[in-house]
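> below is the sequence, then the predicted model.
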Amino acid sequence: MGVNDIVREKVTIRFAGDSGDGMQLTGSLFTNTTALEGNDLRTLPEFPAEIRAPAGTVPGVSSFQLNFGSTEIMTPGDNCDVLVAMNAAALKANLSQLKKDGIIIANTSGFDPRNLGLAKYGKDNNPLEDGSLGAHQVIEIDITKLTQESLKDSALSHKDIERTKNMFVLGLLYWMYNRPLDSTISFLEKKFGKKPDIAEANIKVLKEGYNFGETTEVFTDKYTVKKADISPGEYRSVTGNDATVLGLVAAANQSNLPLFFGSYPITPASDVLHGLSRLKNHGVYTFQAEDEIAAVSSAIGAAFGGSLGVTSSSGPGVALKGEAIGLATMLELPLVILNIQRAGPSTGMPTKNEQADLMQAMYGRNGESPVAIVAPSTPSDCFDAAFEACRIALEHMVPVFFLSDGYLANGTEPWKFPKQKDLKKITVKFEPSRNGDADKFMPYARDERFVRSWAIPGTAGIEHRVGGLEKEENTGDVSYDPENHQKMTLLRQAKVDAIADFIPPQKIDSGNAKGKVLVLGWGSTYGSIRTAVRELMGEGMDISHAHIKYLNPLPKNLGELISNFDKVLVPEINNGQLVKIIRDKYFVPAAGINKITGRPFFIDELKQRIKDTLSSNS
Amino acid sequence: MGVNDIVREKVTIRFAGDSGDGMQLTGSLFTNTTALEGNDLRTLPEFPAEIRAPAGTVPGVSSFQLNFGSTEIMTPGDNCDVLVAMNAAALKANLSQLKKDGIIIANTSGFDPRNLGLAKYGKDNNPLEDGSLGAHQVIEIDITKLTQESLKDSALSHKDIERTKNMFVLGLLYWMYNRPLDSTISFLEKKFGKKPDIAEANIKVLKEGYNFGETTEVFTDKYTVKKADISPGEYRSVTGNDATVLGLVAAANQSNLPLFFGSYPITPASDVLHGLSRLKNHGVYTFQAEDEIAAVSSAIGAAFGGSLGVTSSSGPGVALKGEAIGLATMLELPLVILNIQRAGPSTGMPTKNEQADLMQAMYGRNGESPVAIVAPSTPSDCFDAAFEACRIALEHMVPVFFLSDGYLANGTEPWKFPKQKDLKKITVKFEPSRNGDADKFMPYARDERFVRSWAIPGTAGIEHRVGGLEKEENTGDVSYDPENHQKMTLLRQAKVDAIADFIPPQKIDSGNAKGKVLVLGWGSTYGSIRTAVRELMGEGMDISHAHIKYLNPLPKNLGELISNFDKVLVPEINNGQLVKIIRDKYFVPAAGINKITGRPFFIDELKQRIKDTLSSNS
Amino acid sequence: MLIKTKIDEHIENGKTEPKEYSSKDFSSDQDVRWCPGCGDYTILKQVQNVMPDIGVDKKDIVFISGIGCAARFPYYMDTFGMHSIHGRAPAIATGLKTSRPELSVWIITGDGDSLSIGANHFVQLLRRNVNVNLLLFNNQIYGLTKGQYSPTAPEGSVSKSTPYGSIDHPFNPLSLSLGADGTFIARTMDRDPKHLQSMLKRANDHQGTSMLEIYQNCIVFNDGAFELFTDKKSRPREAIYLNDGEPLIFGNDNEKGIRLDGLQPKVVSLGDGKFSKDNLWIHDEKDKTKAYLLSRFFDQPEPGDENRMPRPFGVLFAVNRPCYDEGVLAQVNEVIERKGQGNLDELLRGPETWTVK
Amino acid sequence: MLIKTKIDEHIENGKTEPKEYSSKDFSSDQDVRWCPGCGDYTILKQVQNVMPDIGVDKKDIVFISGIGCAARFPYYMDTFGMHSIHGRAPAIATGLKTSRPELSVWIITGDGDSLSIGANHFVQLLRRNVNVNLLLFNNQIYGLTKGQYSPTAPEGSVSKSTPYGSIDHPFNPLSLSLGADGTFIARTMDRDPKHLQSMLKRANDHQGTSMLEIYQNCIVFNDGAFELFTDKKSRPREAIYLNDGEPLIFGNDNEKGIRLDGLQPKVVSLGDGKFSKDNLWIHDEKDKTKAYLLSRFFDQPEPGDENRMPRPFGVLFAVNRPCYDEGVLAQVNEVIERKGQGNLDELLRGPETWTVK
Ligand SMILES: Cc1ncc(C[n+]2csc(CCOP(=O)(O)OP(=O)(O)O)c2C)c(N)n1
Ligand SMILES: Cc1ncc(C[n+]2csc(CCOP(=O)(O)OP(=O)(O)O)c2C)c(N)n1
Ligand code: SF4
Ligand code: SF4
Ligand SMILES: [Mg+2]
Ligand SMILES: [Mg+2]
């Protein structure tokens, strides 16, 4: 009896197992092969909140979701088509994320009484047997046993053999989705170069898994996902935090400045510190400060010295930086603050996602202290956004917030990475030295963009003092003069507003430039909104999508762009923040669509909420 | 030739001299007498920014302004009718605040070459002589010399004699405004009880000054300001910071809780710490922490223990408290944060005024962390607002911001102080102890107002843990559950919104409840707006004034109240903050009237700006 | 406080008979979520074992922590607890203890929590000598954030944030505590439950801030950091246990001692008749200079070197000094007694009033 | 750094001849705004006097302060300067010095600025041994905020915030600095300009964080706090000046000395033949234990008591330890040398790519 080969446009696979089961590696290997096969894709890992929750328990489950297709793929997918469950806990933790008609591939030895107990199913009620899985097609395989058999002649330790079982799953899925094994094989050969026996074992088990699909008859279907038409070029896969690191280094390179990065570890921002600390040979200084206050302060000190000063944090750590950021607005020095947002308030849910720090970035300081704000929309866009944050900070002598989040930080996508020669130049001019008879240096004199000059120590003749007290226009001397304070407050605002002349105008991402409904988003909701809106367009709805990258100042044409629509909807992973700014600034009755579960919008969910909102307020 | 006695409705006097000249005392003595005479009044001191700027220089000038009248007086007055200038610097620093036709009383010996030099007029150009004072009526008196003469037989040291010259001025002004000397005399007798010779000298000089007016003919006019009709009762004079201290102690008293006050000194908030530290016998604990973070943290610790936990700061100090306030929103413990605002951003202008921290109070934390906000409108209203802040915090288990400012903090007004028996009771109920077999205590169970119970250590059977991680509804256990986070985020918001049911509805302060123009204010602009609006009403304009004390949540009827007007104007001493909230929340094209000079609105200025704004956007 | 408040009423009404506890009574219903094999488990167990013996009613015990792996501790204790924010536990505890001196307050903190972000509150707590117990879980790493070096990590530490090795010189937590004028300074380790227990009791008995450093193994990110001291084989040579009034002796067969040659501590062998117990340094918990010298048994020659000083465990220093919380209470009461309980109406009236008819 | 950046270009292009300076060259055009008679004036003057001799070009000198009266200092120096925020100067200086090691960086801070709100950054700076000079203006009060007690104010201090006297035990700034493993620890006073100057030079010459405590009189809010040491009459008995390699001698006619009796410092008189210079404690800046003992000449018996130790002025401790900023630079350069200057395109490509046709 043959196997039918079904063509699918998109497939979502979720690999789930114990932290020890190597699901992250399995997922990324499948991802690489899939990329090479020319599909579009997105992935998202999910780590347990604890470092090492007890093996076999639900909190110990680690999973990896991959969404790939022959059409554009903009999110890691909603619920999955296939769930690989290496043990009972993995099933329990992820079942809710499987489609009604989704397939479960279960490693039966992970459902023995012990595992059932650890997963709190109860020793003797096995979900695979009690029919509780209803409509789902369940494929039970004793992966552990099969792996051991296939290596019974190997000299490897039991533990090492056990470790290879994820390759069996990988091989099996390669068969299911008609993928070649070669890239994985060469990866294994590279990785275990020094341990050929281990490499061999893994490869053997990989093939075993593939052949298992081929030979046994548990599967009635296999699937083909055709190439997507992706613009030709050289690609790599990148996470948001990786891309952020690269964006910073690129900006330092394009401005020919040393990069000084002062930070204090915090989830999910730490990887930026880790990534940069490896790049010392790119002229990067990383400083793990005693706290976030020292971190931002050290970046300000470095900026005073002429370096590109950057600091990063998340959640509570960002709240601590407010005072020092206020100082930077007064000093009018370049400063980049990376906020890799997470679910709050307070410590909140460090491993969960949220974009609820926009208002804090806008207003989280004493007094009138305007700063610029940019936000990336996809993992690879973190590169552009980080680069832009640096460019604005350096060219406009102003603190700039970069608002990424955990979903972007850990998600991956294929990236047609740029070449250095194609990157913008960032123009930095230090105030030149002058000799005694030249006239007095005016630290707070401004150019036509209201930007003061960067006057760094080591420059003769321009010795000067800056500080957090109000400054007199031009001279920069301390001033309590009422009119001067009014003037300087407005100047600091004008300087930030003027950035609008140096950023691209807001464009429509999908849909017409005029119409009934505009869905306005920012940050990591990009993929979900884009996909949802396009599907709604497909359903014949008059709807468009614009996604704001420059949140302060807003693009000059945004008001007019908005005015071309009858309704404006603002989906956010928060309780309504951008929507407040839009309503205030453009005086349109924009309506928020909000989700605060620590999770991204699902496409179907978002489509439904858009429809509901429209019907409710029309 | 006689002196004509002119009746005036209002008079503004400004006493200005060197920090050493005792102008603050002179001013407050005149104030007390004026109060006893039954005038309505307001005062405002102005201290030099430096502790002790060099004597005789402009930065060293200290001044005191008093505005009193037979009609309602709501501000310390715009420009003054009489300027007392004890030296050249005092004239230079204050001339701009004198009315065109205002009188200058100049102490000529303060205009000698040395003083002229120090004041940077230039040794030999004396403003009193070079005609630069134009229209002003200048009365030159060698007060120093006259003082010395009147005490030439006294045994006092030259320095002590010199010190009494401010009494001469005071006496002179008493004569000018037909005020009795007795209350001042008895004050001096009390104050210098131990040094009768000093008391005597001061009194002699005081009378000397009075007689000088009586006998010499330098004055052609004297003035009478009739009693104002003030509601009968017992009054005292109070500054905003004093009233704040009293409000806190009263709240502790009415809730029968110990008051724990954790703070770190900062201008202009320090006096609250100073005031409370003297009140230990009212059951007040004051803790001068190592910084603002420790200050707010200690208050949270005390609140966990069942005390009324309060912290205070200003400017940069408040910015540092954001993270811990976020913790308090998560812990759902009562916490009162006093922000005595000052001009920012950063260190800004510590001794100047601004109300630019409203947005920070609303949004200055990571994640969705709603807090309640109240703001006093006059010095004495600081009592009610502080009391209300405590009441809301305690009855709703929530952090509450109290937004005062330097103008209120240092200004004084007559206060018909309340009696303890007339104060509200604040109802606090600690979770009672329970014995073993009772069912498990649910720390995050809520009542109909969404308020959890206050469960303090020392209570048997309800041992429980709280923290900054997201909590599971009811149990309070740590939870990463998506739906729970959504629910809890909305519950924290709902709890704050529900406070609206327990605050008075917004009322119109002046004018009709329906009409063309509503001027909407908050905080220390009250006096200026009220007076300006009433004068405009007098001029026949259809205009009303409402002043918001409860800024978050806003009174339930505010939207409807606003909807009864064609135009809404929002004057603020910032670059536009409340106006953003109003535009967003009620979707009305409210227009801001903003001033950022570190100074309050002048009545005439505000009237003009209101007219301009109306004509410009109609 | 001499003024009776609602808190006093509440406590009065809630009075219960003092109970007999077993260590089980102190474990909460939360399942413990540290990595298998983490040193935190044994510390938790010993704390739960000690609690029944400190003679404090469960309801009067509060555990306050910052953030970190260690800081999850309070969730597992069936007492009152707060898992607060990073580094601030000492400040929160100061507010609680000052306003509620009758409570037994325990601070749980990690090396990053207390010596990095929280170092200011840490030294101020010691200076003020607030009567609380601070347990410093030192694993020389940031555990919760997955392995960055900490302020106690040795120079050259390779970690996620220092791939080429750390450059900064680490804190010596005991020296820092002495420099901050701490009144109780002690060290113990997760792997010696008996000693850990006795140190916990000592910490509890001390009036004032009890700073107990606990060497704790982070099996995942910094395994074996303290092996030299915890390993049964090397411990005798590398660790020395301090006992008040007793000579400094260590070694596999107690064959080594330490004597003071002027200001110089010297390792001597007791075997060869040259030196006897009587020539040795006698430990004196009240001698701050000796405590200082002991705290410097730290940056010493490499293992193997004859003159290498063993790492001291036990109470290095313990003296009495008035506690901040007591002092505050005493002052409040003193003022109440002197001036009488404040009358709100008088306060509202203020110094001077006038009447408008 | 081995990689040349725009900063290097800029410095290169701006090269100027090293100049001869006079102290006047270091006073800015701002008029000084401290209270008449404030100790800060004399400190400012001595710093301006010393600057010409440290052999650093004006353009390469940076003064960074926090907030406070003392912190206004940079405005008055005609060098680069930053009057930053309260307590954070050490962190800002660390960022500046680490990224620009060639600069001469001076931190100006008060006792509140560095030992209250800034105490964490203060101890971390000392631990890291960043090569900067920190001048701690200790007046035992918060001056700028008009007179609240500070963490160095003696117990019982009556101040605006402690009308009934302060309760907390103060920091001993030198002990805290030692506890934080500072490498240069010295004390001087505003009223002894010569000594102040020599200490400033020593601080400048030291490689690493130079912590110089300066007793500074706040004439308005805490006048005479240090009179015992600054007053010509009492100084000889109450103060002792330390000189490396010389015996500890003090007194009106150098008639008193200090010797070490075991670990116990004792005041002895040299007159009566019992003891001579040779029996005295010889100061050794490199001896940390002696530095520790000297730092404790602090909480001693009341004046008049025979055994009262004089307060030491001078360099208590000075040793060399690698500086953080050097270490960072060395590591960066070492990696550049080993791996070669990073190539951006390679970095962007990453470890693995694929091509879509
Ligand atoms: C304000 C803030 N900054 C940073 C973090 C992230 N963070 C949590 S724990 C921790 C350090 C933990 O190290 P340690 O105190 O040694 O505790 P351990 O995990 O090693 O027990 C950090 C940096 C945070 N939660 N809050
Ligand atoms: C964040 C913050 N908190 C508080 C203040 C107010 N403040 C300014 S200086 C100071 C203390 C000054 O004392 P010290 O450091 O000893 O300097 P001094 O004035 O005595 O020279 C305080 C509390 C501030 N400016 N910023
Ligand atoms: S990471 Fe380390 S410290 Fe944290 S729980 Fe795991 S083993 Fe323990
Ligand atoms: S207040 Fe004290 S420290 Fe400040 S300037 Fe005046 S005298 Fe100097
Ligand atoms: Mg640790
Ligand atoms: Mg001071």
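Sure, I can see it. Ligands and ions are numbered 1, 2, ... in the order given.
> with adjacent residues omitted, what lies nearest to residue A:586?
With CB to CB, 6 or more residues apart in numbering or on different chains as the criterion, residue A:586 has its nearest non-adjacent residue at 4.9 Å, and that residue is residue A:559. All C-beta atoms are positioned from the backbone trio N, CA, C, and that covers glycine.
> name the SS class of that neighbour, please.
What DSSP: H, G, I helix; E, B strand; the rest coil gives for residue A:559 is helix.
> what of residue C:43?
Assignment for residue C:43 (three-state DSSP): helix.
> tell me how far it lies from ligand 3.
Using CB to the nearest ligand atom, to the nearest Å, we find residue C:43 at a distance of 10 Å from ligand 3.
> pretty sure that residue contacts residue C:190?
Yes: with contacts counted by CB atoms under 8 Å, residue C:43 reaches residue C:190, the gap being 5.5 Å.
> overlap in contacts of the two?
Common neighbours of residue C:43 and residue C:190 (criterion: CB atoms under 8 Å, 6 or more residues apart in numbering or on different chains): C:196, C:214, C:216.
> on that earlier part again, what about the residue nearest to residue A:586, how many residues close to it?
Residues near residue A:559, counting by other CB atoms under 10 Å in any protein chain shown, number 15.
> ok, it touching residue A:585?
Yes: Residue A:559 is within contact range of residue A:585, at 7.5 Å (criterion: CB under 8 Å).
> contact partners for the nearest residue to residue C:120 once chain neighbours are set aside?
Spatially, and ignoring its direct neighbours in sequence, residue C:120 is nearest to residue D:120 (3.7 Å; CB to CB, 6+ apart). Neighbouring residues of residue D:120 by CB under 8 Å, 6+ apart: A:290, A:291, A:294, C:117, C:118, C:119, C:120.
> quick check, nearest of those residues to ligand 4?
residue C:120 (22.9 Å; CB to the nearest ligand atom).
> would you say that closest one is within a helix?
Yes: Residue C:120 sits within a helix when classified using three-state DSSP.
> pick out the residue of the stretch 151-300 of chain C closest to chain D.
residue C:179 (1.8 Å; CB to the nearest CB).
> against ligand 1, how distant is that residue?
Taking CB to the nearest ligand atom, one finds residue C:179 at 21 Å from ligand 1.
> do I have it right that that residue meets residue D:176?
Yes: with contact defined as CB under 8 Å, residue C:179 reaches residue D:176; the gap is 4.5 Å.
> what's the overlap in contacts for these two?
residue C:123.
> would you map the strands across the stretch 51-200 of chain C?
In the stretch 51-200 of chain C, the segments counted as strands under DSSP state E, counting those that start in this stretch are C:61-65, C:80-83, C:104-110, C:133-138, C:141-142, C:148-149, C:184-189.
> hmm, back to that, top of the shared contacts of residue C:43 and residue C:190 by neighbour count?
Neighbour max across those (other CB under 10 Å) = residue C:216, 31 neighbours.
> give the contact list for the nearest residue to it once chain neighbours are set aside.
Leaving aside its chain neighbours, residue C:216 sits nearest to residue C:39 (3.9 Å; criterion: CB to CB, 6+ apart). Taking CB under 8 Å, 6+ apart, we find residue C:39 in contact with C:137, C:139, C:190, C:191, C:215, C:216, C:217, C:218, C:219.
> now the helices: where do they sit in the stretch 251-357 of chain C?
For the stretch 251-357 of chain C, helices defined by DSSP state H, counting those that start in this stretch occupy the ranges C:288-295, C:324-339, C:344-349.
> can you check the stretch 51-200 of chain A too?
A:88-94, A:113-118, A:143-150, A:158-163, A:165-176, A:182-191, A:196-215.
> the second one close to chain C?
Okay, so that is helix A:113-118. No: against chain C, helix A:113-118 shows no contacts by CB under 8 Å from any CB of the partner chain, the least distance being 11.3 Å.
> give the buried residues for that helix.
Judged by neighbour count (16 or more other CB atoms under 10 Å in any protein chain shown), helix A:113-118 contains these buried residues: A:115, A:116, A:118.
> next, format those residues as a markdown table and append pLDDT and distance to residue B:66.
Output for the buried residues of helix A:113-118, formatted as a markdown table (pLDDT from 0 to 100; distance: CB to CB, whole Å):
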| residue | pLDDT | distance to residue B:66 |
| --- | --- | --- |
| A:115 | 94 | 83 |
| A:116 | 95 | 83 |
| A:118 | 93 | 78 |
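> what's the closest of the residues you listed to residue B:507?
Ranked by distance to residue B:507 (CB to CB), the buried residues of helix A:113-118 are led by residue A:118 at 62.8 Å.
> pull up the gap between the closest one and residue B:480, please.
19 Å (CB to CB, to the nearest Å).
> now do residue A:610
For residue A:610 relative to residue B:480 (CB to CB), the value is 28 Å.
> repeat that for residue C:329.
42 Å.
> so who does the residue of the stretch 151-300 of chain C closest to chain D touch?
Taking CB under 8 Å, 6+ apart, we find residue C:179 in contact with C:123, D:172, D:175, D:176, D:177, D:178, D:179, D:180.
> mind doing that once more with 10 Å?
Shown in contact with residue C:179 (CB atoms under 10 Å, 6 or more residues apart in numbering or on different chains): C:123, C:126-127, C:172, C:292, C:295, D:123, D:126, D:171-182, D:292, D:295.
> could you do residue C:265 as well?
With CB under 10 Å, 6+ apart, residue C:265 has these contacts: C:248, C:258-259, C:281, C:290, C:293-294, C:296-297, C:300, C:307, C:309, D:289.
> output these in a markdown table, with distance to chain B appended to each entry.
Listed next are the contacts of residue C:265 as a markdown table, based on distance: CB to the nearest CB, whole Å:
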| residue | distance to chain B |
| --- | --- |
| C:248 | 36 |
| C:258 | 37 |
| C:259 | 41 |
| C:281 | 36 |
| C:290 | 30 |
| C:293 | 29 |
| C:294 | 28 |
| C:296 | 27 |
| C:297 | 30 |
| C:300 | 33 |
| C:307 | 40 |
| C:309 | 34 |
| D:289 | 29 |
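> just the buried ones from those?
C:248, C:258, C:259, C:281, C:290, C:293, C:294, C:296, C:297, C:309, D:289.
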